[in-house]
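> Predicted model and sequence below, questions to follow.
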Amino acid sequence: MKELNEFPIFPEDCASLLSKHLSRAVFAKLKNRQTANGFSLQQAINSGIQNPDSGIGIYAGDEESYTTFAGLFDPIIAEYHGFSKTDRHRSNLNPADLHAPNPDPENQYIVSTRIRVGRNIAGLPLGPAISTEQRNQLEQQVSAVLNGLQGKLAGSYYPLQGMGEKDRNQLIADHFLFKGGDRFLEAAGLNRDWPGGRGIYHNDEKTFLVWINEEDQLRIISMQMGGDINAVFTRLSRAVSEIESGVKFSFNDHLGYISSCPTNLGTAMRASVHIKLPKLSADMKTFKQIADQHHLQIRGIHGEHSESEGGIYDISNRRRLGVTEVECVQDMYDGVVALIAQEKLL
Ligand code: ADP
Ligand code: DAR
């Protein structure tokens, strides 16, 4: 990574929160700072500089980044999450507090439901600053906890390093395999030593998945076909609590669960459905109005920067920080109910 002494100039059409909040004054104040792990401003903002089409453009290398570079992270967090530097985050993963009877019992609209949380290990640097040895040790520690899971969560761990074609093709066929090469993560230093220290765990039923050392150190994922959002959340909640009995997650009462990308702070939860809305999607203005009213994000169906296919959309909660996990799922559920009602009206 080349030395960053000059204030970076972003293209005219750059709309990233980094370009908006990195003033010359903030740059001058922060440019020579480093965290105890030696993580610099230059490393934090490199992704947004190399990828001017970023929406955000900055990643933390450790929990301390959020205080060392608070002059830049705080306004970005405030704008993205509507969350001030004195606000406190609360967590609630209790499924009993969720009101979500299946909104589509006939399976006319919802193809599949997936709820994921990102988690990182307390006391270790995050992905952009972790060492090779620390990352490999983390993989051993977390995969051992996962291989100890019992009952419906029991399954197997598949390291990416040295993965055979048979396992690889099966994981791709199941849409479980995460791939390297994302340019945003690459420029953030999150793909270093790829595929070393990375791997995928899934249960025998293929409804529970854990990615190790992708963007976050754990992505804990519950998913199944259809719209039984309650069942998906209940499984996730149980899995998070069983894993947490074996490893300590990085958390503080201001930012909640600590993530490398500031958009995932707090709950680090994205609760999504892949849903068919052929009539409503012909009126994107109304579609987006309903989505905005319910704090929903509309994505394509093959990941974050993909397009919709066959009139199927990935609909998920947008709020992650300053709301509990139950409220994230309730946001998504209430939005999906409103979208289905509008589709039926049409
Ligand atoms: P995340 O940050 O939650 O991992 P992505 O948009 O990158 O989000 O999705 C990761 C993968 O999960 C993609 O392959 C996407 O197709 C899949 N996915 C996301 N939501 C669902 C869903 N509701 N049903 C099935 N697959 C999903
Ligand atoms: N692509 C980066 C990150 C945006 C949020 N998505 C994450 N963290 N996967 C950007 O700045 O657009």
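The structure has been received and is ready for your questions. Ligands and ions are numbered 1, 2, ... in the order given.
> ok, now which ones touch Leu124?
Shown in contact with Leu124 (C-beta atoms under 8 Å, 6 or more residues apart in numbering): Ile130, Gln134, Leu138, Gln217, Ser250. Any C-beta I mention is one placed from the backbone N, CA and C, and that applies to glycine too.
> and the residues you listed, which are buried?
Among the contacts of Leu124, the ones that count as buried by 16 or more other C-beta atoms under 10 Å are Ile130, Leu138, Gln217, Ser250.
> how many other residues sit next to the nearest residue to Asn147 once chain neighbours are set aside?
Excluding the flanking residues, the one nearest Asn147 by C-beta to C-beta, 6 or more residues apart in numbering is Tyr157, at 5.8 Å. Neighbours of Tyr157 under the rule other C-beta atoms under 10 Å: 16.
> what's the helix or strand containing Tyr157 packed up against?
Per DSSP states H and E, Tyr157 falls inside strand 155-159. Packing contacts for strand 155-159, counted by 3 or more C-beta pairs under 8 Å, 6 or more residues apart in numbering; DSSP states H and E, involve helix 132-147, strand 199-203.
> right, and those - which one's nearest ligand 1?
Closest of these to ligand 1 is strand 199-203, at 11.8 Å (criterion: C-beta to the nearest ligand atom).
> which one of the buried ones among the contacts of Leu124 sits closest to ligand 2?
Gln217 (13.8 Å).
> quick one, phi psi at the closest residue to that closest one other than its chain neighbours?
Distance criterion C-beta to C-beta, 6+ apart; nearest residue to Gln217, sequence neighbours excluded, is Asn120 at 4.6 Å. The phi and psi torsions at Asn120 (degrees, to the nearest 10) take the values phi -130, psi 150.
> Run a quick neighbour tally on Asn120.
Quick note: Asn120 (other C-beta under 10 Å) scores 26 neighbours.
> That one against Asn252, yeah?
No - using C-beta atoms under 8 Å as the test, Asn120 is too far from Asn252 to be in contact (11.9 Å).
> shared neighbours, those two?
Counting by C-beta under 8 Å, 6+ apart, the residues touching both Asn120 and Asn252 are Ile258.
> So which residues on the stretch 101-250 of the chain come close to ligand 1?
Within reach of ligand 1 by C-beta under 6 Å from any ligand atom, the stretch 101-250 of the chain has these residues: Ser112, Thr113, Arg114, Arg116, His175, Met223.
> if we go to 8 Å?
Neighbours of ligand 1 within the stretch 101-250 of the chain, by C-beta under 8 Å from any ligand atom: 111-114, 116, 118, 175, 178, 211, 214-215, 219, 221, 223.
> Which of the residues you listed has the largest number of neighbours?
Thr113 (28 neighbours).
> For Glu327, give me its contacts.
By C-beta under 8 Å, 6+ apart, the contact set of Glu327 is Asn92, Arg319.
> what about 6 Å?
By C-beta atoms under 6 Å, 6 or more residues apart in numbering, the contact set of Glu327 is empty.
> Next one, pLDDT for it please.
Note on Glu327: pLDDT of 97.
> what's the answer for the one 4 residues further on, then?
Asp331 carries a pLDDT score of 96 in this model.
> and the gap between it and Trp194?
34 Å (C-beta to C-beta, to the nearest Å).
> for His302, same thing?
Separation of His302 from Trp194 (C-beta to C-beta): 20 Å.
> Same question for Asp167.
With distances taken as C-beta to C-beta, Asp167 is found 17 Å from Trp194.
> got the angle for the lengthiest strand in the chain vs helix 132-147?
What stands out as the longest strand in the chain, according to DSSP state E, is strand 110-119. Angle, strand 110-119 to helix 132-147, by axes from the mean of the first three to the mean of the last three C-alpha atoms, to 10 degrees: 130 degrees.
> Can you spell out which helices and strands pack onto strand 110-119?
strand 218-225, helix 229-244, strand 269-276 (3 or more C-beta pairs under 6 Å, 6 or more residues apart in numbering; DSSP states H and E).
> Mean pLDDT added to these, as CSV?
Below are the helices and strands packed on strand 110-119 laid out as CSV (pLDDT from 0 to 100):
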stretch, mean pLDDT
strand 218-225, 97
helix 229-244, 98
strand 269-276, 97
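> Looking at those, spot the one closest to ligand 2.
strand 269-276 (9.1 Å).
> tell me the angle the closest one makes with strand 218-225.
Using the same axes, to 10 degrees: strand 269-276 against strand 218-225 is 30 degrees.
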